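Colleague: need coordinates for the below:
(chains A and B)
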Number of protein chains: 2
Amino acid sequence: MREKPNIHFCSIGLRLPQITLETLNVLKKTKKIFLFIEDNNIDRFLEINKLKDKAETMSHSYDNNFSKISDEIIKKALKEKDIAILSYGYPSFINGLWNYVLQKAALKNINVNLINAIGSLNPLLHLAKFYEIPKTGLHFFNAIDIKSSKDIDLNRHIPCFILNPHNLKQNKKSELINVLNKALENKLFIYLVEAASAGGFMDNVIEVKNIKQLNRHINVRNTLLITDKKIN
Amino acid sequence: MREKPNIHFCSIGLRLPQITLETLNVLKKTKKIFLFIEDNNIDRFLEINKLKDKAETMSHSYDNNFSKISDEIIKKALKEKDIAILSYGYPSFINGLWNYVLQKAALKNINVNLINAIGSLNPLLHLAKFYEIPKTGLHFFNAIDIKSSKDIDLNRHIPCFILNPHNLKQNKKSELINVLNKALENKLFIYLVEAASAGGFMDNVIEVKNIKQLNRHINVRNTLLITDKKIN
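Modeller: As a prediction, the model looks like this:
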């Protein structure tokens, strides 16, 4: 019986050198590596680990069209039998590619393996100085899903992380701003927790004291935190 | 000016070989490593990486009394100048040791560094097949904080992860069981997501169909998930 082809979803973590020994081992054994990654150290990393010859950048080749990219990945998996995708963050979380590849691979009888990596959620909590789950729970929303200020209930959802505000188009920001205004009126604290959701530039937690400040920061890849405790 | 002593909080991830290159590098450079870890492969890992001679098991020496253990860690840091603590999971999350050491180190002018590692939250979402944040948000509670079935609002908090039900004493389980009964009556789905919160034995997502089944599973280290979608 012929073995099924494999696609390994790998990640460097939030940035190099947060890659795990397990992931490095998978990359060394696989036939081809497709890169979906922006990290200044990636070239040097590939060279040191003798991975450069089998690595190929893919994210921009198809204009970030995940459906086309996943078709191409399926083709490569059928040809090479064993390939890896290398991105950052948790390989299956907020990454459209995972869903596309999973569905198309099932139709072609290809294995899809997730190799564990550092995702953004625990580092985000650490940055926000939550070392355990608070008594009122921890609540996460995607900014794009906030259709009305009623979606976030200040009695039920604090502390609350709102991911990816930078994804909002200008005309969709009003509801988010309503939520934040309501929070400020209720004397809650609002913070921007920078970029744990992306490349791991985890330097800053910035208190947002008014909407003017928010508008200055909101286009950067980051997360908003509404909480009843002072962080800094 | 003399440099401050350092304590590096490190982790293997959920299990070996999920340790990162960054962590391995810290362990190689530090003077002493204190182990708070249960992993069958740890001895072999220390030997291969020539870390065995400077590693010492500490968790059981003080009967898991974190206050005493942290006093001992502070003493060692002052003596050795640069030490590491090696545990599993995210080094500062649901780990009493972090808080104790952080506070005591501040009084003695010792640096405490967190080295990023794989924590349980992203793997937990992956196991539960959440590849993005659902429209109704993601909600996390600690079982021990559920004092009344009103704490979890089935209109506001679904999907909802309840961590560490195994920590509950028998006489405290009634409120959790009230919550779960209410969820079952509302035709929501309840799952046990095994042990992503601990050693990373991430094999099973078990649907809990009644309270009898729940009582059978609740003493294992795991997480409960209440959701309105079918997982398996």
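
Colleague: from here on, just use CA atoms for contacts and neighbour counts.
Modeller: Noted.

Colleague: among the helices and strands of chain A, which has the poorest mean pLDDT?
Modeller: When each helix and strand of chain A is scored by mean pLDDT, DSSP states H and E, helix A:211-217 comes last, with a mean of 81.

Colleague: what residues are up against A:Leu97?
Modeller: Neighbour list for A:Leu97: A:66-67, A:70 [criterion: C-alpha atoms under 8 Å, 6 or more residues apart in numbering or on different chains].

Colleague: quick one: buried residues of the least confident helix or strand of chain A?
Modeller: A:214, A:217 (16 or more other C-alpha atoms under 10 Å in any protein chain shown).

Colleague: scan the contacts of A:Leu97 and report the most crowded one.
Modeller: By neighbour count, taken as other C-alpha atoms under 10 Å in any protein chain shown, the most surrounded of the contacts of A:Leu97 turns out to be A:Ser70 (21 neighbours).

Colleague: contacts for whatever helix or strand A:Ile85 lives in, please.
Modeller: A:Ile85 belongs to strand A:82-87 when assigned by DSSP states H and E. With contact meaning C-alpha under 8 Å, 6+ apart, strand A:82-87 is reached by A:5-12, A:26-27, A:30-37, A:76-77.

Colleague: for the helix or strand following it, what is the distance to the chain centroid?
Modeller: Per DSSP H and E, the first helix or strand lying C-terminal to strand A:82-87 is helix A:96-107. Between the centre of helix A:96-107 and the centre of its chain there are 17 Å (C-alpha atoms, centre = their mean, to the nearest Å).

Colleague: before we move on, what about stretch A:131-138?
Modeller: Chain-centre distance of stretch A:131-138: 22 Å, with C-alpha atoms, centre = their mean.

Colleague: could you give the mean pLDDT of it?
Modeller: When pLDDT is averaged along stretch A:131-138, the result is 95.

Colleague: ends of that stretch, what's the gap?
Modeller: Taking C-alpha to C-alpha, to the nearest Å, stretch A:131-138 runs 12 Å from one end to the other.

Colleague: is chain B contacted by that stretch?
Modeller: Yes. Legend: contact between stretch A:131-138 and chain B by C-alpha under 8 Å from any C-alpha of the partner chain is shown at A:131-138.

Colleague: next up, the contacts around A:Cys160.
Modeller: By C-alpha under 8 Å, 6+ apart, A:Cys160 lies in contact with A:138-141, A:225-227.

Colleague: go on, A:Asn219?
Modeller: Shown in contact with A:Asn219 (C-alpha under 8 Å, 6+ apart): A:165-167.

Colleague: interface residues of chain A facing chain B?
Modeller: Checking chain A against chain B by C-alpha under 8 Å from any C-alpha, the hits are A:17-23, A:90, A:92-95, A:99, A:116-123, A:126, A:130-142, A:145, A:151, A:156.

Colleague: buried subset of those residues?
Modeller: Neighbour-count burial (16+ other C-alpha under 10 Å) applied to these gives A:17-23, A:90, A:92-95, A:99, A:116-123, A:126, A:130-133, A:136-142, A:145, A:151, A:156.
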